[in-house]
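Pasting the sequence and the predicted model now:
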Amino acid sequence: MNRIWLRRTGLFVFMLAVMFGLMLLRGENANERAYKAAQLAPGKTIFCTVDLGRQGFLKSWLNPNIATLYLRLRADDRAQLTCEGTGMTMMLSQGTKKGLWPKLEKHTVLKKVRGSIPVNVELYVDRKALQQYHVASGNIYFYEGEKLYSTVAIEVINSRANNTRIER
């Protein structure tokens, strides 16, 4: 009888430890992605900052040079937009994490989902640049036909970088 209670108590404590560990892991991954919702307008530039310093321990240890940015953009209903990323290595997609992310080509017309245009951006930066505050920057250009419609300027920073030294 004593062994049964000891075994049940041990399993209960183990279950609590697993739940606590999963809760900590979920908290660590909360800042792995950046989100931005904005209104695209002709000639307008939207600024977006992605902070790699907010990544959790596990993400910053395994692959700190990759960040995900989810853009939810609104535009004129009649606009047939395409997009192109420049300035840094990035993969643009309209897929979801539930399936494969098909890469958006320059000529691919963006699809609207529930009134907004979802664009998922996978940003790849140089590992050596992670020691700096300003890690990388790039732009996503949205075109209507051949004409530039709007721009999203992306700045990747690392708020944990130590930039207190003055180099001469």
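Here it is on my side, so go on. Numbering: from 1, shown residues only.

Residue 139 pairs with what?
For residue 139, the beta-bridge partners are residue 86, residue 153 (DSSP bridges).

Residue 45 too?
residue 151.

Can you say which helix or strand has residue 161 in it?
Taking DSSP states H and E as the definition, one finds residue 161 inside no helix or strand.

Give the full set of residues in contact with residue 162.
Going by C-beta atoms under 8 Å, 6 or more residues apart in numbering, residue 162 touches residue 131. Using the backbone N, CA and C atoms, a C-beta is placed for each residue, glycine as well.

which residue ranges form the helices in this protein?
All helices of the chain, identified by DSSP state H, fall at 2-28, 57-62.

ok now the last one, how far from the chain's centre?
Between the centre of helix 57-62 and the centre of its chain there are 15 Å (C-alpha atoms, centre = their mean, to the nearest Å).

If we go by neighbour counts, what in it is buried?
By 16 or more other C-beta atoms under 10 Å, the buried positions in helix 57-62 come out as 59-60.

what's the most buried one of the helices of the chain?
Counting by mean count of other C-beta atoms under 10 Å, helix 57-62 has the highest mean neighbour count of the helices of the chain, with a mean of 13.

which strands and helices sit next to the worst-scoring helix or strand of the chain on mean pLDDT?
The helix or strand of the chain with the poorest confidence is helix 57-62; it has a mean of 76 (mean pLDDT, DSSP states H and E). Where contact means 3 or more C-beta pairs under 8 Å, 6 or more residues apart in numbering; DSSP states H and E, helix 57-62 is packed against helix 2-28.
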